[in-house]
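Q: Provided below for reference: sequence and predicted model.
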Amino acid sequence: MDDLMDAPSGTRHIDRPRRSPQAWQSWLAALGPVCRPVSAVVGARQRLVVIAPHPDDEVLACGMLLRAHALQGGSMLVVGVTDGEASHRGDPGGSAVATAARRRQERSEGLRVLGAGAAELLSLGLPDGGLAPCRHDLEQTFRTLLRPGDVVVTTWRFDGHPDHEACGHAAAGAARAVGAALWEAPVWMWHWAEPEHSRIPWTRLAAFQSGGDAGAAAKQAAIACHRSQLAERASGLPPVLDDAILERSRWPLEYFFAPGP
């Protein structure tokens, strides 16, 4: 999978979606990835560790999985790598400190709405937009946090956003070192990718089924807690969470690249 790094410059650039969410849904239905219940992803006695580059990534990546694991009484650790303070850079009157505080609060609210309010929450406070140079140190930090047998979920290591990719690479190294299972969630990939992209490991794509409409509804309620990301920014900039990513968040399934061999 690492040969994606050899892809032409700009291949993973996040701009307007190349394919609509509806087109992706049709293609995924035809692809038919293995659909797994929560017990096939994380056992009730296993710890689920969710590594979120920014507040809201834990919901976008695996909100339904978090809720399902909470319902089966499983333990959870949510690692907030950054506080997302750069999302409104340049807004008049919006300091980085205030934005970070607001986004931390939104994360806590979102987890409570998911029924995952009892999850242990660790904020690393690393710079939003600056994780790529920290990748080695980040891997070492993750190694100290992970335990053998943990199930780790983070953003895919080729997701397109530099912070998402840094977390994915660091988590992959740490999980491999300690003996944890890593599930990688494509969050922004759906913007830049196309089904014909030969270097995307589609054969490893798996779907998680929450087991009813309640999980999907809880995920939507959790996303609604991230009000800062749903409002227009200064100078008429659109919300961080655009229409396409919001529509994808309403999909009845969550998709992950399953642990490799």
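A: Happy to help now that I have it. Note that this is a predicted model, so its numbers are computed, not measured.

Q: low-scoring stretches of this protein, by residue?
A: Residues of the chain meeting the criterion pLDDT under 70: 1-10, 90, 92-94, 261.

Q: those strands in it, which residues are they?
A: With strands called from DSSP state E, the chain shows them at 34-36, 48-52, 76-82, 120-126, 151-155, 181-185, 205-209, 253-257.

Q: partners of the fifth one in the sheet?
A: Read that as strand 151-155. Strand pairing for strand 151-155, using DSSP bridges, gives strand 48-52 (parallel), strand 181-185 (parallel).

Q: Show the contacting residues for the residue positioned nearest the centre of the chain.
A: When Cα atoms, centre = their mean is applied to the chain, the residue found nearest the centroid is residue 61 (3.3 Å). Contacts for residue 61 (Cβ atoms under 8 Å, 6 or more residues apart in numbering) come out as 50, 52, 153, 154, 155, 185, 187, 254. Every residue, glycine included, has its C-beta placed from N, CA and C.

Q: ok, 7 Å please
A: Applying Cβ atoms under 7 Å, 6 or more residues apart in numbering, we find residue 61 in contact with 153, 155, 185, 187.

Q: that older thread, could you export the strands of the chain as TSV, including distance to residue 138?
A: TSV is the format used below for those (distance: least, Cβ to Cβ, whole Å):
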stretch	distance to residue 138
strand 34-36	28
strand 48-52	9
strand 76-82	7
strand 120-126	7
strand 151-155	11
strand 181-185	14
strand 205-209	25
strand 253-257	19
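
Q: Residue 13: which of these is closest?
A: Among those, strand 151-155 comes nearest to residue 13, with 16.3 Å by Cβ to Cβ.

Q: between that closest one and strand 253-257, how big is the angle?
A: 100 degrees (axes from the mean of the first three to the mean of the last three Cα atoms, to 10 degrees).

Q: ok, and what's touching strand 151-155?
A: Against strand 151-155 from outside (Cβ under 7 Å, 6+ apart): 41-42, 46, 48-51, 53, 57, 61-62, 65, 146, 164, 167-168, 171, 175, 180-185, 187.

Q: Just the buried residues out of those, in PyMOL syntax.
A: Restricted to buried positions by 16 or more other Cβ atoms under 10 Å, the PyMOL selection for the contacts of strand 151-155 reads:
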select buried, resi 41+42+46+48+49+50+51+53+57+61+62+65+146+164+167+168+171+175+180+182+183+184+185+187
